[in-house]
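Novice: Quick one, fold the following:
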Amino acid sequence: MKKLKVLDLSNCFHVKRTPNFSTSANLERLILYRCVSIVEVDGLICHLNRLVSLEARHCLNLQRLPDELGGCLASLEYLSLKNCRSLERLPHTIGNLESLSELNISGTSIKELPDSIGKLKNLKVVKMGESNLSKIPDAFWTIEKLEEIDAHKKYDIEHFHVKIGNCIYRNQSLRILKLKSADIYELPKLPESLIELKLWELNVDTFPDLSNLTNLKILNLSFGVPNDDVKSNALVEDPMPRWIGDFSKLESLALRSPYVTTSPTDLTLPPHLKSLHLRCPNMRRLPRLPSTLSSLCLQFCYSLRSVEDLSNLKKLSTLEIWHGAISEIPGLGCLENLRDLKFWSLGQVEILPDLSKLNKLRRLRVAWCDNLIEIQGELPKSLEVLKIFSCESFQKLPDLSSLNELQMVATNHCGKLNVEAISRLCSEKSIRFLR
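Specialist: Next up, the predicted model:
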């Protein structure tokens, strides 16, 4: 045992205690994955002063780590406690793990982090997803080597208040900052090193100035209710600042805001943007869409009554429009690379154009379009999945007999549709039919 470097006890469901490590001083990696009966990690782990990695994911009944943990594992670089649901605290000595570079406490019951966490000067990655945390201590933001922060609360936790310390700007190593389902009431200046930023929810009534973040590749912002009740009903009149167009490296933009009303008429989105996801119920006008888009999703944009001609989006592979007042989609029939098309709750749409030229379309899903009467022309021969739900006015599908790639047809609550004829055709062609 003296030469043992890796000990893997994965799926040892009946092991209740960690082993006696007094004769395993050279151990470098300890794996306790899904040791669901272990209640505590014994203090004898302190004999492992060469331990580099401690993997204790899914130890569902683990309740305690030894208080001496930080005093003896000076070589520990990786500590994962993911989904240790019974674990409610970290020992205060964790700040003494001077070599620790990655910490994962996602899915635990830890309610707060000890202030000593600010002493982890070599910490680079922290994951705290689906956690019970109610706040993040100020000391956390002083860790200057952090490269990735990923935190979000459990669905049943009422508040997860996050106050981002002003000192975060000094951290020019930070590349990924993801705070989801968090209450954020103010946002300090963030470091230019960021390449991915996801903030849910920003409880402010004006768009934060992020103009210095020109290295961003992914930007995802969700706005909630501002802290100032007086301003809570105000609309942001310039929701997409012009500096977004300067983000030349941006590939994905998602914006969810009840305050967005419009966008500057001359706003040009970044030239390499591939994904655009908007959930803005008061948005009345879209910005100009770049031809580089491969995914476009418009959700709950109730005030958006028209969209520009989409025929220039030659790279678009996914188009989703949910809950809107749009009556037609110009250029839809020209999207030659479209693979997935979804329309939900578009009550003003009466006719879909001929889609026969969409030679790469695989999935067509239409639901709750109450006034949709027909799909003109033919469907593309590439189609594999066709779903039409709750379109009460829909009268007739295009001919399906020549669609040799078709694998599934689903219709439901389309009262004027001849479902029996569709069912017979699907049976003859061995196509799965659901209704």
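Novice: ranges for the helices of the stretch 51-200 of the chain?
Specialist: When assigned using DSSP state H, counting those that start in this stretch, the helices of the stretch 51-200 of the chain occupy the ranges 69-72.
Novice: which residues of the protein score low on pLDDT?
Specialist: Across the chain, the ranges flagged by pLDDT under 70 are 1, 155-159, 225-239, 262-266.
Novice: hmm, 50 instead?
Specialist: 228-236 (pLDDT under 50).
Novice: got a list of contacts for the lengthiest helix in the chain?
Specialist: When the chain is parsed with DSSP state H, its longest helix is helix 419-428. If you take Cβ atoms under 8 Å, 6 or more residues apart in numbering as the criterion, helix 419-428 is touched by Leu397, Leu400, Ser401, Val409, Thr411, Ile431, Arg432, Phe433, Arg435. Bear in mind the C-beta positions are built from the backbone N, C-alpha and C, glycine included.
Novice: The third one touches Lys381, doesn't it?
Specialist: No. Here Ser401 lies out of contact with Lys381, judged by Cβ atoms under 8 Å, at a distance of 11.1 Å.
Novice: Just the terminal-to-terminal distance for stretch 24-33.
Specialist: With Cα to Cα, to the nearest Å applied, stretch 24-33 spans 19 Å between its terminal residues.
Novice: How about that stretch, which residues are buried there?
Specialist: Ser24, Leu27, Arg29, Leu30, Ile31, Leu32, Tyr33 (16 or more other Cβ atoms under 10 Å).
Novice: so what's the last one up against?
Specialist: When you say that, I think you mean Tyr33. Neighbouring residues of Tyr33 by Cβ under 8 Å, 6+ apart: Asp8, Leu9, Ser10, Asn11, Glu55, Ala56, Arg57, His58, Cys59.
Novice: how does it look with 10 Å?
Specialist: By Cβ atoms under 10 Å, 6 or more residues apart in numbering, Tyr33 lies in contact with Asp8, Leu9, Ser10, Asn11, Cys12, Glu55, Ala56, Arg57, His58, Cys59, Ser80, Lys82.
Novice: And for the fourth one?
Specialist: Taking Cβ under 10 Å, 6+ apart, we find Leu30 in contact with 6-9, 18-19, 21, 24, 41, 45, 48, 51-56, 76.
Novice: Return the distance of the closest residue to Arg57 other than its chain neighbours relative to Ile105.
Specialist: Nearest residue to Arg57, sequence neighbours excluded (Cβ to Cβ, 6 or more residues apart in numbering): Lys82, at 4.4 Å. Per Cβ to Cβ, to the nearest Å, Lys82 is found 7 Å from Ile105.
Novice: now do Asp67
Specialist: Distance, Asp67 to Ile105, by Cβ to Cβ: 17 Å.
Novice: So between those two, which is more surrounded?
Specialist: Higher neighbour count among Asp67 and Ile105: Ile105, with 25 against 12, using other Cβ atoms under 10 Å.
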